[in-house]
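**Student:** Any chance you could fold what I've pasted below:
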Amino acid sequence: MIGRMPGALIGLALLVAPAVGLAQRGTSMAPTETTPIVALMQRAAPALLRGDPDALQQLELDAADEPFRGIALLAPAQAPPSGALPVVILVQKSSMRGWEVTEEPNLLLAAFDGDTGALQIARALDTEPGGKTPAPNLRRPPRPPAAAEQTTMTNTYHVDARARLPTLPQSRALVLRALAFDWISDPVRVSLHARPAPVPPTIDPLPTTKPGQLPTYEVSKHHPPTPDLGVAARIERTRDGHPTLLGSFALAAAPERRLPAPLALPTAAGTQQAVAVVPVTLALVTLDSARTIIRRWVVPVFGASQVPAAQRLVGHFALDLRDLMPSGSAEDAAMQVAYVFMDQHVAGPLTLPGAPRR
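**Tutor:** The predicted structure follows:
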């Protein structure tokens, strides 16, 4: 039982991103209206975060009366720098979705540090003895009848995020999310012990100086349109058959993003001037396996002069993903999706081109 935290503000996240990876199986898995679930969790937040079994059971009963499909994550907006960090995850889905994406081992908890781009992802539920992660289970029971799409499964989980993610950074604003393969919750910001704003990280990898090669940080006709705020991404295969991650983003120019002075960078298009840097982190999630591949980049933002505070930063990236998919691995035979994390924003799930289907 976790002690009550008097006066703690509550953050709530709910699924809004469309599910794509399993839609080819013909099921209906689009998320639904989240407002009723927000109200349910907010009303009982103190008891839920304490892990009160009656409150958790009542939340399941009340949620089952709502036409909600998705993942909801409840967490305190502020937490001490040590000790338990309670979160509550609600998953409501059809029985068909339950057959397609089981919660063990697919339900994950992700923590993203927007200052550095560090991302941690771990199973939200109990691991095997010794903390070992099982290999992907590619066997499934027979497909249930079509009527399973009309029945509802609702589960709530009270989880200590620090027990699952024991090396959480002392971030000013850690961003927590829940994932279940191609379903993801919205972000919940949790403020831990304050730390000074970090020095802007070093650009990595540096842009190529050879035309036609990667990585590049300039916009092209292949990039997705730049969002008003956030990140958009897609994965495409190049002419040589290799997967390329293409992204466009727009963010506020926080102090930790702005460079103290413009930095000249040689690129394939000539010397460009970097005025800010943004950490970008990609997670490759495999169905039925908690082995998540994580890769971090630090992307430059080009401009003519130093960026004023709060100005909108706009940037792009194109990166080779070959090192994320080693040939001969067990995951090659499994279904995979990718997520791109940037500050509190996420692009995805992104289906890898040519990924095998069952």
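
**Student:** residue ranges with poor pLDDT in this protein?
**Tutor:** Low-confidence segments of the chain (pLDDT under 70): 1-33, 127-140, 193-197, 239, 290, 323-334, 353-358.

**Student:** What helices and strands are in contact with the longest strand that the chain contains?
**Tutor:** Across the chain, the strand with the greatest residue count (assigned by DSSP state E) is strand 270-286. Contacts defined by 3 or more C-beta pairs under 8 Å, 6 or more residues apart in numbering; DSSP states H and E place strand 270-286 against strand 107-113, strand 119-123, strand 243-252, strand 258-267, strand 293-302, strand 312-320, strand 336-342. For every residue, glycine as well, the C-beta is placed using N, CA and C.

**Student:** what inclination does it have with respect to strand 119-123?
**Tutor:** Counting by axes from the mean of the first three to the mean of the last three C-alpha atoms, to 10 degrees, strand 270-286 points 10 degrees away from the direction of strand 119-123.

**Student:** Quick one: closest of the helices and strands packed on strand 270-286 to residue 56.
**Tutor:** strand 107-113 (15.5 Å; C-beta to C-beta).

**Student:** contacting residues around the closest one?
**Tutor:** 87, 89, 91, 118-125, 157, 159, 161, 164-165, 168-169, 171, 174-180, 187, 281, 283, 285, 290, 292, 341, 344 (C-beta atoms under 8 Å, 6 or more residues apart in numbering).

**Student:** Any idea what the residue of the chain positioned farthest from its centre is bridged to?
**Tutor:** Relative to the mean C-alpha coordinate of the chain, counting by C-alpha atoms, centre = their mean, the farthest residue is residue 270 (34.2 Å). With beta bridges defined as DSSP bridges, residue 270 has these partners: residue 267.

**Student:** Renumber starting at 35 from here on
**Tutor:** Okay, using 35 as the starting number, the last item reads as residue 304.

**Student:** Centre of the chain to the longest strand of the chain, how far?
**Tutor:** 16 Å (C-alpha atoms, centre = their mean, to the nearest Å).

**Student:** Can you list the buried residues in that strand?
**Tutor:** 306-320 (16 or more other C-beta atoms under 10 Å).

**Student:** Pull the most distant pair out of these.
**Tutor:** Of all pairs in these, the most separated under C-beta to C-beta is 307 and 320 at 39.7 Å.

**Student:** mind listing the strands in the stretch 135-284 of the chain by residue range?
**Tutor:** Taking DSSP state E, counting those that start in this stretch as the criterion, the stretch 135-284 of the chain carries its strands at 141-147, 153-157, 186-194, 208-214, 217-218, 222-224, 264-271, 277-286.

**Student:** unless I'm mixing things up, residue 312 is touching residue 349, no?
**Tutor:** Yes. Using C-beta atoms under 8 Å, residue 312 is in contact with residue 349, at 6.2 Å.

**Student:** Could you pull out the residues contacting both of the two?
**Tutor:** Joint contacts of residue 312 and residue 349 (C-beta under 8 Å, 6+ apart) are 283, 333, 335.

**Student:** Any idea how many residues pack against the closest residue to the first one other than its chain neighbours?
**Tutor:** In this structure, residue 283 finds its nearest non-sequential neighbour in residue 265, 4.1 Å apart by C-beta to C-beta, 6 or more residues apart in numbering. The burial metric for residue 265, expressed as a neighbour count using other C-beta atoms under 10 Å, is 24.

**Student:** I'd assumed residue 259 was in contact with residue 265.
**Tutor:** No. With contact defined as C-beta under 8 Å, residue 265 does not reach residue 259; the gap is 11.7 Å.

**Student:** Overlap in contacts, the two.
**Tutor:** With C-beta under 8 Å, 6+ apart as the test, residue 265 and residue 259 both reach residue 282.

**Student:** Relative to residue 105, how far out is residue 180?
**Tutor:** Distance, residue 180 to residue 105, using C-beta to C-beta, to the nearest Å: 24 Å.

**Student:** neighbour count winner among the two?
**Tutor:** Shown here are residue 180 and residue 105; by other C-beta under 10 Å, residue 105 has more neighbours (24 against 10).

**Student:** re the thing from before, could you check the angle the longest strand of the chain makes with strand 292-301?
**Tutor:** Using the same axes, to 10 degrees: strand 304-320 against strand 292-301 is 100 degrees.

**Student:** buried stuff in the longest helix seen in the chain?
**Tutor:** The longest helix of the chain (DSSP state H) is helix 87-98. Neighbour counts over helix 87-98 (16+ other C-beta under 10 Å) mark 89-90, 92-94, 96-97 as buried.
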